[in-house]
Every structure is written in C-alpha cells, then in structure tokens.
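Asker: Fold the following.
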Amino acid sequence: MKRHHALALGAPLALALALYQGCSSQESATTGPQGQGTGASAASGSGGGAAHGGTSGTGASAASGAQGTGAEAAGSPDAATDGPPADFDANFYYDAPPYDAALNQDSACAGDSQEAMPVPLDIYLMQDASGSMAPDCNVGSNTNSKWCHAINAIAGYLQDPGSDGNRAAIQFFKGGLPAAYTCAGGGYNSPAAGPVTLTANAGQIITAMNAMAPASSTPTEGALRGLAAWTTANKAANPTRITIGILITDGDPNGCDENDAHLATIVSNLFANHGIHTFMIGMTGATFTRLETWANYAGAISHDDTNDACGAPLTAPCHSYNVGDGSSANFIAALKAIQNAVLGCTYNMPAPTDGGVVDPNQVAIEYLPNGQDPGQSLTKVANAAACAPSSWYYDTSTSPWTIQLCPALCTVVQADSHAKVSILLGCQGS
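Answerer: Numbering: from 1, shown residues only. This is a model prediction of the structure:
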C-alpha cells in the first residue's frame, strides 16, 4: 500500500483524501484529530524556494508549481521516487470536522513538517559615478581610486558563490547624462545592465561598469526616484522574489533636490507602500549623518558591526554602511551583510502537501527562541508600515507569496543562531 501523509484539518472545512490502488479496499487518509499537521518549521537564514506555481524555486525546495531547482521538491521527503503508480487514482472529498475549531498543530493545513525557505533576492545597484570617484579604470585594474575599488568589489560580490541564484541590475548616477535622465527618476528607472542571474551572468554587469567613466555631479534625487520606480515594477513582476535597492555614494547630493528630509521620504514611501528596503553604502567623502537620515526610515533594518561599519560619528546600531575607500574586503562584507539581513526574515508562503488550499486569514506563526518550545505567538499586521514588536505581515493582502518578519522581530531572530519559526496553515474548503 502506498504510504501517504495523514490529513491535517483546517476550519471551516477539512480535506479528506481517499486513496485507491487497483482493486484494494478504500483507505482514508485521515484518522481524526490525531493527524500529523505540524505546520512548517523554519530555521532562520536558510536557502530559497518558490511557494506558488508558475515560477521555479531557486533554493532547497519548491513548494508547488514549476519544478524546483534545488535539492528537493516539496511533498514527501522522497518526492522524486514516491509518486503514484500508473494505475493509482485519487479522489478528493470535503467534510466539515466536528473538532479543531482553532488553528493548531493538529488542524494546520500542511500535512507534514516543511522547512520554510527564504526567498531569492533581486538587487538594484545604484552606483555613484560622479567626478569625485575618479580616476576611471576597468574591473581587474589596481588603480587607486574609489571608482576602481567600488567596481572591483561589486564584481567580486557578483561572482561570489554566496550570491548564486540571486539576480542583480545596475545603473549609474552622475551629471552630464542625456536629457532622458531626470530628477524625477527618468533614465535611472531602467538598468544599464540586468537584471541577470548570478553568478553565471555577472559578466554583463561587469561590462557595463567598464563602459562607464566617472564625471561631473551627484544627482542623488534622480537616482533614488529611479531606484524606487524600478524596484516597484520588478517586485510587481516577480512576486516570488525579494526586491531591494542599494545606493552607493562617496559624496553629498549635488543637483536636483538636496534636502535630506525629501530624500528620506522617497525611500520611506517605497518601504511603506511596497515593503521594499533601500540600503545606503557610503565611501570616503560621504557625510554619514546624511546617509543615516536617508536610511533610517520606519521599518529600516539596522546592524551592529564590530568593524564600525556605521562610520564615525555614528555609533552602532545604525542603518547605513561605511566601506571607507571601498577596499574589496569591506565592500563585499557590506553587500553580504545586506543580503543576509534581508533573506533571514522573509519566507516563502508554504503550500500544503495534502492538496488543500491555504486560507491566508488562518495562518498562525510562532517564534521558538533557541529552537525550543514554548513558542512565542506572533501578531499579524496589515503591512510594513504597521509593524510592531513581535509582528509579521504578508507581501500583499491578496494571494500572498511571502511572509515577512517585522524589523524589530527580524533583529531578534537573526541574533538567535538556533531560532525557528513555526508556520501553521489553515485550509479553505472547496
């Protein structure tokens, strides 16, 4: 008899899967409230996967839809070999259960324990190409300039095995560009290269960096508005991935609107309205108190680096990054820290393995400190702007793709090397 997962019940209706094989007698897939609905357990900082159909998973598991590209397709642990035989029929029945009115580990929709995988990352790099970055060079050169240090470090990150599976795009901001590049974000809202999948296609971005030469002024407003426009469009087109923006600069705004409060509003609105984070990397010559003002919007992810990545006169924790003259070690470390900060707290919406349909209004999440019971129940909020301690939100209120821990909780979870997040899914009826 084929082995199958026990039914996990959910309000208001339970899904009963009856299995038949050849002429054998019918066997129910459920045994009552003792079914094995254990939700999805997530260790903080795992790899990526796709929770919905239509997009390939890029990490360790793909919950449903297109084939996962990682080690295991979601379902039974031996999903590749444990599929039904040719003469196998499955009939689905729905019946209202007389028990388990509240969502718990017996009534969760997922029929087995899954590892909730963080989502693959899309990065929009907005690189300062003003005259203070000069002299020019190509990737691989040892010219002693901030431009040369920056593009070499970016190339190193793009080709690092830890970036594999992520995607990146790049654009440059400086004065003297064609008229299409405007303070309203025109021109900057379209990458000079990318998005490309890393690490295989990193060469396309390297070619674009080699083709650019630093010159003229620093129109930061246009860069931020273009970054906001592109990341918003990319997230809408790729809901199974996390989209972030990274602005890299060595100086103060020069041209367009230079008011710090106005510039901070651009990235604050991007997060509040779309849940997209913008990170600031400063090089020697930048005014870090200004970068911190832009980076410190409500919901921004802070960090505390022992190498004083905040940059004097700031003190940790802070929200911007100081890479000095752009030496590769510091620069790559900052890019990796940003990647880890985002990926450690965003999870794919797990899919039930027993054929149910998740009701997003019946999802319960617990944080298990040090991976041990008892867990702490987390509170769902409407969106990123409504974040509070011990809370989480969906990327979208309808047909959510991801579960996002709010920044205060994210900081706690990332500091807990053995943290687990338990995600219990309640099922809809037919």
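Asker: Is Tyr181 in contact with Tyr188, as I believe?
Answerer: Yes. Using CB atoms under 8 Å, Tyr181 is in contact with Tyr188, at 6.3 Å. For every residue, glycine as well, the C-beta is placed using N, CA and C.
Asker: Counting neighbours, go ahead and name the busier of the two.
Answerer: Tyr188 (29 against 23; other CB atoms under 10 Å).
Asker: Remind me which helix or strand that one belongs to.
Answerer: Element membership for Tyr188 (DSSP states H and E) is empty, with no helix or strand holding it.
Asker: which element is Gly185 on?
Answerer: Secondary structure (DSSP H and E) places Gly185 outside all helices and strands.
Asker: now the one 10 residues further on
Answerer: Pro195 belongs to strand 193-197 when elements are defined using DSSP H and E.
Asker: In PDB, list the C-alpha atoms belonging to that strand.
Answerer: Only the C-alpha atoms of strand 193-197 are listed here, as PDB (Å, rounded to 0.1, in the frame of the first residue of the first chain):
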ATOM      1  CA  ALA A 193      22.700  46.200 -17.300                       C
ATOM      2  CA  GLY A 194      20.500  43.400 -15.900                       C
ATOM      3  CA  PRO A 195      18.700  42.000 -14.200                       C
ATOM      4  CA  VAL A 196      20.900  39.000 -14.600                       C
ATOM      5  CA  THR A 197      21.100  35.700 -12.700                       C
END
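Asker: hang on, the earlier thing: which neighbours do Tyr181 and Tyr188 have in common?
Answerer: Common neighbours of Tyr181 and Tyr188 are listed as Phe173, Gly222 (criterion: CB atoms under 8 Å, 6 or more residues apart in numbering).
Asker: Show the pLDDT at Met117.
Answerer: You'll see Met117 listed with a pLDDT of 55.
Asker: List the contacts of the strand holding Pro195.
Answerer: So strand 193-197 is in contact with 122, 124, 165-170, 202, 204-205, 207-208, 234, going by CB under 8 Å, 6+ apart.
Asker: Give the buried residues for the next helix or strand along the chain from it.
Answerer: Next in sequence after strand 193-197, counting helices and strands by DSSP H and E, comes helix 202-211. Neighbour-count burial for helix 202-211, counted by 16 or more other CB atoms under 10 Å, picks out Ala202, Gln204, Ile205, Ile206, Ala208, Met209, Asn210.
Asker: Stretch 268-288 too?
Answerer: 268, 270-272, 274-283, 286, 288.
Asker: Show me these that map onto helices.
Answerer: Among the buried residues of stretch 268-288, the ones falling in helices (DSSP state H) are Ser268, Leu270, Phe271, Ala272, His274, Phe288.
Asker: Quick check: the gap between the third one and Ala215.
Answerer: In this case it means Phe271. 32 Å (CB to CB, to the nearest Å).
Asker: quick one: low-confidence ranges for this protein?
Answerer: 1-118, 305-309, 351-356, 417, 427-430 (pLDDT under 70).
Asker: Would you tell me which strand is longest in it?
Answerer: For the chain, the longest strand by residue count, based on DSSP state E, is strand 358-368.
Asker: Contacts for the next helix or strand after it next, please.
Answerer: Next helix or strand after strand 358-368 toward the C-terminus (DSSP H and E): strand 376-377. Outside strand 376-377, the residues that touch it by CB under 8 Å, 6+ apart are Ala364, Ile365, Glu366, Tyr367, Leu368, Pro369, Ser390.
Asker: any idea which of the residues you listed is closest to Ala415?
Answerer: Nearest to Ala415 among these is Pro369, at 10.4 Å by CB to CB.
Asker: doesn't Ala415 make contact with that closest one?
Answerer: No. Taking contacts as CB under 8 Å, Pro369 lies outside contact range of Ala415: 10.4 Å.
Asker: Which segments of this protein make up each domain?
Answerer: Here the domain parsing of the chain from automatic domain parsing is 14-116+347-427, 121-343.
Asker: from these, which stretch is densest packed?
Answerer: domain 121-343 (a mean of 20; mean count of other CB atoms under 10 Å).
Asker: Could you tell me the end-to-end distance of that domain?
Answerer: 7 Å (CA to CA, to the nearest Å).
Asker: Ok, stretch 127-135 next?
Answerer: Across stretch 127-135, first to last residue, CA to CA, it's 15 Å.
Asker: quick one: strands adjacent to the longest strand of the chain?
Answerer: Strand pairing for strand 358-368, using DSSP bridges, gives strand 376-377 (antiparallel), strand 420-427 (antiparallel).
Asker: just the angle between the helix or strand harbouring Leu224 and strand 193-197, please?
Answerer: Using DSSP H and E, Leu224 maps to helix 220-237. Orientation of helix 220-237 against strand 193-197 (axes from the mean of the first three to the mean of the last three CA atoms, to 10 degrees) gives an angle of 40 degrees.
Asker: what's downstream of helix 220-237, the next helix or strand?
Answerer: strand 242-249.
Asker: mind saving the C-alpha coords of that following strand as PDB?
Answerer: Output in PDB follows, covering the C-alpha atoms of strand 242-249 (Å, rounded to 0.1, in the frame of the first residue of the first chain):
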ATOM      1  CA  ILE A 242      12.600  39.800  -2.700                       C
ATOM      2  CA  THR A 243      13.500  43.100  -4.400                       C
ATOM      3  CA  ILE A 244      15.800  45.600  -2.700                       C
ATOM      4  CA  GLY A 245      17.700  48.700  -3.800                       C
ATOM      5  CA  ILE A 246      21.300  49.700  -2.800                       C
ATOM      6  CA  LEU A 247      22.600  53.200  -3.300                       C
ATOM      7  CA  ILE A 248      26.400  53.600  -3.300                       C
ATOM      8  CA  THR A 249      27.900  57.100  -3.000                       C
END
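Asker: So which elements touch that strand?
Answerer: With contacts defined as 3 or more CB pairs under 8 Å, 6 or more residues apart in numbering; DSSP states H and E, the secondary structure elements packing on strand 242-249 are strand 121-128, helix 220-237, strand 278-282, helix 328-343.
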